[in-house]
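**Q** what follows is a predicted structure for the sequence shown.
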Amino acid sequence: MATKWTQKENDVLYKHWKNSIKENILLMLPKRTWASIVIQSSKLKIKRELNPNKLCDLSGLLIDTPISFYWIGFLLADGHFSKRHRVKLVLADKDIEHLNKFKQFVKHRGSDDKRNGATGIQCM
């Protein structure tokens with residue numbers, strides 16, 4: 001049986017649904033599934049201004065500047081471009097500062113994927 005939504009939970013949705021990423025909303029509502037959160041926000045008639053799947057702004061790579069050329073070359077050498085239009089970059093933990101510079105360049109909002117001495121990010 002479904003648990004009734006509290007006013008406090010609804011307040012979290014009103015405040016964060018429009019611009020927060022999925023992972024952060026799930027952390028703020030730990031007793032709720034993503035499906036139930038989506039349904040409740042629909043009932044409350046709250047719209048998302050943010051594409052929930054877009055974790056990066058890759059438009060900076062399209063501007064002809066030395067820094068964008070650098071990052072394009074870096075991605076071609078060390079990144080991965082999937083058939084599903086995703087860009088993934090995984091670097092050894094010793095290069096975390098360089099990964100952070102790339103995250104700042106693309107305004108990355110997602111979480112890092114850490115495993116086996118490496119850290120990665122994904123952009124959709």
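**A** Okay, I see it.

**Q** please count neighbours and contacts with C-alpha atoms only from this point.
**A** OK.

**Q** max-length helix in this protein?
**A** Ranked by residue count under DSSP state H, the longest helix found in the chain is helix 66-78.

**Q** run through who's touching that helix.
**A** 60-62, 89-90, 102 (C-alpha atoms under 8 Å, 6 or more residues apart in numbering).

**Q** could you chop the protein up by domain?
**A** Split into domains by automatic domain parsing, the chain comes to 7-43, 58-123.

**Q** you'd agree residue 112 is up against residue 120?
**A** Yes: contact criterion C-alpha atoms under 8 Å: residue 112 and residue 120 qualify, at 5.7 Å.

**Q** more crowded one of the two?
**A** Of the pair residue 112 and residue 120, residue 120 is the one with more neighbours under other C-alpha atoms under 10 Å, namely 18 against 15.

**Q** surely the more buried one forms part of a strand?
**A** Yes: under DSSP: H, G, I helix; E, B strand; the rest coil, residue 120 falls within a strand.

**Q** quick one: contacts for it?
**A** By C-alpha under 8 Å, 6+ apart, the contact list for residue 120 reads 88-91, 99, 112-114.

**Q** of the contacts of helix 66-78 - the most surrounded one?
**A** Using other C-alpha under 10 Å as the neighbour test, the contacts of helix 66-78 are led by residue 90, with 21 neighbours.

**Q** can you tell me the closest non-neighbouring residue to that one?
**A** Among residues not flanking residue 90 along the chain, residue 120 sits closest, at 3.9 Å (C-alpha to C-alpha, 6 or more residues apart in numbering).

**Q** separation between the one you found and residue 110?
**A** 11 Å (C-alpha to C-alpha, to the nearest Å).

**Q** for residue 18, same thing?
**A** Applying C-alpha to C-alpha, one obtains 16 Å for the distance of residue 18 from residue 110.
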